[in-house]
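> Make a model of this:
(one chain, ligands or ions: 1)
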Amino acid sequence: MTVPTTDAIVDSVRQALAACGVPQSRLQGDFETRTPITGATLFGVAGDDAASVEATIGRAAAAFPTWRDTPAPVRGQLVKRWGELLTEHKADLAAIITAEAGKITSEALGEVQEMIDICDLALGQSRQLFGKTMPSERPGHRLMETWHPLGVVGIISAFNFPAAVWSWNTALALVCGNTVVWKPSEMTALTALAADALLARAVTEVGAPADLHHVVVSDRSGGEVLVEDPRVALLSATGSVRMGREVAPKVAARFGKILLELGGNNAAIVAPSADLDLAVRGIVFAAAGTAGQRCTSMRRVIAHSSVIDELRNRIVAAYGTLAIGSPTAEETLVGPLINKASFDKMQAALRQAEAEGGKVECGGVRVLADEAADAYYVEPAVVTMPSQTEIVKAETFAPILYLIGYDELDEAIGLNNAVPQGLSSAIFTSDQGEAERFLSSAGSDTGIANVNIGTSGAEIGGAFGGEKETGGGRESGSDAWQSYMRPATNTVNYSGELPLAQGVEFV
Ligand code: UN1
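I've put the predicted structure just below:
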């Protein structure tokens with residue numbers, strides 16, 4: 001397989017950026033962008049510093065009252081137009097995602113589709129910011145709640161979903177009446193500029209306040225400003241547990257709201273009655289797809305002792321057929337790791353797994369090093385482990401799948417839950433009782449729990465997020481919009497009397 005030249009990637013990215021409407025003035029500067037396809041620098045863009053991030057927050061804060069006072073269904077027209085522009089420029093944005101995050105074309109298009117989907121959801125949501133009305137205990141009184149916008153929402157996002165995760169937050173934050181400042185991963189600044197330019201076009205076309213959305217391009221110092229600034233009412237941060245541990249106490253110290261979407265260490269249980277054809281397909285997509293760089297990627301398979309050998313053989317055979325290489329090539333299923341640090345962590349994890357008694361069944365080796373010396377393509381690995389050792393409990397953001405055996409379902413559920421992370425999980429079974437136990441309160445402890453489907457690739461209609469070290473936040477569908485608003489409880493007295501609650505007597 002051949003890897004395209006960096007010049008070819010630069011050309012296609014420049015074209016796609018222009019098509020999305022990124023102003024030429026942003027495409028020169030000291031902030032370097034890079035592609036994991038060849039590992040080379042693409043070009044510099046204009047970056048932000050702490051002072052410019054602060055000024056940007058100020059502009060977003062100044063735009064808030066106008067947007068807050070715009071009726072929610074009118075705000076919905078903005079995400080409607082944004083969704084149309086995303087549909088029109090789906091291929092352009094996907095090309096930039098492929099170049100910068102290394103995703104294969106199908107997955108990059110899928111990421112943009114997720115953005116279009118959340119715009120649809122947010123448009124409907126703009127007419128459904130429901131508050132409850134409840135019976136008052138007092139005659140002639142009405143008791144109800146209303147939901148209000150928060151102010152400026154700060155978004156910190158990761159390289160692996162460089163646009164979709166931002167759009168989940170932004171589409172909802174905007175229809176809920178907030179303004180937004182976005183600090184994307186420094187590895188995916190171009191995707192962010194393109195995505196922001198499309199939103200900016202929608203803003204202009206519908207006549208919304210120009211300052212209601214901003215992207216800041218910077219290293220972590222830009223994120224630190226968002227974390228510390230009291231004008232940022234809600235900080236929504238996606239990334240590592242380490243990042244979450246740093247950010248959460250700082251936002252809490254200023255009583256800001258926080259929404260965290262941190263690491264995952266997602267498992268599938270494969271029961272004796274599982275349809276193994278389906279299980280293997282589900283496992284291979286979730287574990288090797290996106291080169292194992294989704295927070296929902298499958299990292300553990302907990303297989304019943306009666307099926308583990310056959311399952312292992314079938315997964316290893318399927319891994320042997322996966323085309324690894326440039327994500328721009330049509331046949332490729334596994335693109336590059338994001339960078340060398342990621343490759344080094346994968347190697348260290350494999351060596352630790354071996355030291356803990358594991359056997360590497362396949363993969364783990366670097367490929368295409370001659371064609372692309374600065375890029376890191378790797379064969380996805382399958383490792384049989386004697387038990388759930390320390391390395392299995394850690395999230396390594398790379399395609400390593402650990403295989404562990406079990407005999408009783410309770411033991412399997414125990415293993416599923418015995419890791420610090422709590423994002424996603426799955427069971428493959430044809431036994432309805434087993435499936436229901438897995439989904440019950442006594443079953444999986446993750447925020448997403450599936451039956452006969454892998455751990456990744458969630459639809460936007462459900463709430464997305466997880467428990468424990470994953471951070472507890474919920475984004476995207478269901479009631480996640482409530483995180484972007486503040487509820488107020490209102491008691492209205494139309495009785496002409498003044499009865500006190502709880503029967504209290506006073507004057
Ligand atoms: C992430 O990896 O941060 O469920 C998000 C999925 C995608 C989103 C992943 N819809 O795999």
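> C-alpha from now on. contacts and neighbour counts both.
Fine.
> what does stretch 268-281 contact?
With Cα atoms under 8 Å, 6 or more residues apart in numbering as the test, stretch 268-281 has contacts from 283, 298, 300-304, 306-307, 311, 314-315, 318, 409, 412-413, 416, 425-431, 452-455.
> Out of those, name the ones that lie in strands.
Among these, the residues falling in strands (DSSP state E) are 298, 300-304, 425-428.
> Kindly present those as CSV, with separate columns for pLDDT, neighbour count and distance to the ligand.
Compiled in CSV, those are given as follows (pLDDT from 0 to 100; neighbours: other Cα atoms under 10 Å; distance: Cα to the nearest ligand atom, whole Å):
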residue, pLDDT, neighbour count, distance to the ligand
Met298, 98, 32, 10
Arg300, 98, 28, 15
Val301, 98, 28, 17
Ile302, 98, 25, 20
Ala303, 98, 25, 22
His304, 98, 22, 25
Ser425, 98, 33, 11
Ala426, 98, 29, 13
Ile427, 98, 29, 16
Phe428, 98, 27, 18
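> Check the residues you listed and tell me the two furthest apart.
Met298 and His304 (17.1 Å; Cα to Cα).
> Just say helix, strand or coil for Thr296.
Counting by DSSP: H, G, I helix; E, B strand; the rest coil, the backbone at Thr296 sits in coil.
> just checking, it touches Ala267?
No. The criterion here is Cα atoms under 8 Å, and Thr296 misses it with Ala267 at 9.5 Å.
> Mind listing the shared neighbours of those two?
In contact with both Thr296 and Ala267: 424, 455, using Cα under 8 Å, 6+ apart.
> So between those two, which is more surrounded?
Set Thr296 next to Ala267 and count neighbours by other Cα atoms under 10 Å: Ala267 wins out with 36 against 24.
> Could you give the bridge partners of the more buried one?
Arg300, Ser425 (DSSP bridges).
> right, and it touches Val301 too?
Yes. Counting by Cα under 8 Å, Val301 is a contact partner of Ala267 at 5.5 Å.
> those strands in the stretch 151-300 of the chain, which residues are they?
Here the stretch 151-300 of the chain has its strands, by DSSP state E, counting those that start in this stretch, at 152-156, 179-183, 213-215, 232-238, 257-261, 266-270, 298-304.
> Which other helices and strands does the first one contact?
If contacts are counted by 3 or more Cα pairs under 8 Å, 6 or more residues apart in numbering; DSSP states H and E, strand 152-156 sits against helix 50-68, helix 164-175, strand 179-183, strand 232-238.
> any low-confidence regions in this protein?
Judged by pLDDT under 70, the chain has its weakly predicted residues at 1.
> Can you show me the CA trace of stretch 175-189 as PDB?
Coordinates of each C-alpha in stretch 175-189 appear next as PDB, following Å, rounded to 0.1, in the frame of the first residue of the first chain:
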ATOM      1  CA  VAL A 175     -30.400  26.100  21.100                       C
ATOM      2  CA  CYS A 176     -30.400  26.300  24.900                       C
ATOM      3  CA  GLY A 177     -29.400  30.000  24.500                       C
ATOM      4  CA  ASN A 178     -25.700  29.900  25.400                       C
ATOM      5  CA  THR A 179     -22.700  31.200  23.600                       C
ATOM      6  CA  VAL A 180     -19.700  29.000  23.000                       C
ATOM      7  CA  VAL A 181     -15.900  29.200  23.100                       C
ATOM      8  CA  TRP A 182     -14.200  26.100  21.800                       C
ATOM      9  CA  LYS A 183     -10.600  24.900  22.500                       C
ATOM     10  CA  PRO A 184     -10.000  21.900  20.100                       C
ATOM     11  CA  SER A 185      -7.200  19.500  20.500                       C
ATOM     12  CA  GLU A 186      -3.900  21.100  19.300                       C
ATOM     13  CA  MET A 187      -3.600  18.100  17.000                       C
ATOM     14  CA  THR A 188      -6.700  18.900  15.000                       C
ATOM     15  CA  ALA A 189      -6.800  22.700  14.600                       C
END
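> how far does it sit from the chain's center?
How far stretch 175-189 lies from its chain's middle: 13 Å, per Cα atoms, centre = their mean, to the nearest Å.
> so Lys345 sits in a strand?
No. Assigned with three-state DSSP, Lys345 falls outside any strand and is helix.
> Settle this for me: it is touching Thr396, isn't it.
Yes. Counting by Cα under 8 Å, Lys345 does reach Thr396; the two are 7.0 Å apart.
> more neighbours, those two?
Per other Cα under 10 Å, whichever of Lys345 and Thr396 has more neighbours is Thr396, with 22 against 14.
> residues making contact with stretch 96-107?
9, 13, 16-17, 34-37, 94-95, 108, 159-160, 162, 187-188, 190-191, 290, 326-330, 332-338.
> at 7 Å instead, please
If you take Cα atoms under 7 Å, 6 or more residues apart in numbering as the criterion, stretch 96-107 is touched by 9, 13, 16, 34-37, 94, 108, 159-160, 188, 191, 290, 327-328, 332-333, 335-336, 338.
> and Val383, what are its bridge partners?
Per DSSP bridges, the residues bridged to Val383 are Val360, Tyr402.
> Isn't it up against Leu403?
Yes. Taking contacts as Cα atoms under 7 Å, Val383 lies within contact range of Leu403: 6.0 Å.
> okay, those two: which has more neighbours?
Applying other Cα under 10 Å to Val383 and Leu403 shows that Leu403 carries more neighbours, namely 26 against 23.
> The one residue in the stretch 101-250 of the chain that gets nearest to the ligand: how many residues sit nearby?
Ranked by Cα to the nearest ligand atom, the top residue of the stretch 101-250 of the chain for proximity to the ligand is Phe161, at 5.7 Å. Neighbourhood size, Phe161 [other Cα under 10 Å]: 22.
> Which residue comes closest to it once chain neighbours are left out?
Glu111 (7.3 Å; Cα to Cα, 6 or more residues apart in numbering).
> And for Asn450?
Nearest non-adjacent residue to Asn450, counting by Cα to Cα, 6+ apart: Ala426, 4.4 Å away.
> Could you measure from the spatially closest residue to Gly282 that is not a sequence neighbour over to Pro73?
Nearest residue to Gly282 in three dimensions, chain neighbours excluded: Gly454, at 4.8 Å (Cα to Cα, 6+ apart). From Gly454 across to Pro73, the span is 36 Å (Cα to Cα, to the nearest Å).
> so Glu32 touches Ala46, yeah?
No. Applying Cα under 7 Å as the test, Glu32 and Ala46 come out as separate, 8.9 Å apart.
> Contact distance from the ligand - what residues of the protein qualify?
Applying Cα under 6 Å from any ligand atom, we find that the chain lies next to the ligand at 161, 294-296, 456-459.
> Let's see if you can find the most crowded of these.
Going by other Cα under 10 Å, Cys295 tops those with 27 neighbours.
> sorry, back to before: most packed of the helices and strands packed on strand 152-156?
The highest mean neighbour count among the helices and strands packed on strand 152-156, using mean count of other Cα atoms under 10 Å, belongs to strand 179-183: a mean of 29.
> name the helices or strands packed onto that one?
With contacts taken as 3 or more Cα pairs under 7 Å, 6 or more residues apart in numbering; DSSP states H and E, strand 179-183 sits against helix 50-68, strand 152-156, strand 213-215.
> Tell me which of those sits nearest to Pro499.
Among those, helix 50-68 sits nearest to Pro499 (Cα to Cα), with 34.6 Å.
> how big is the angle separating the closest one from helix 164-175?
50 degrees (axes from the mean of the first three to the mean of the last three Cα atoms, to 10 degrees).
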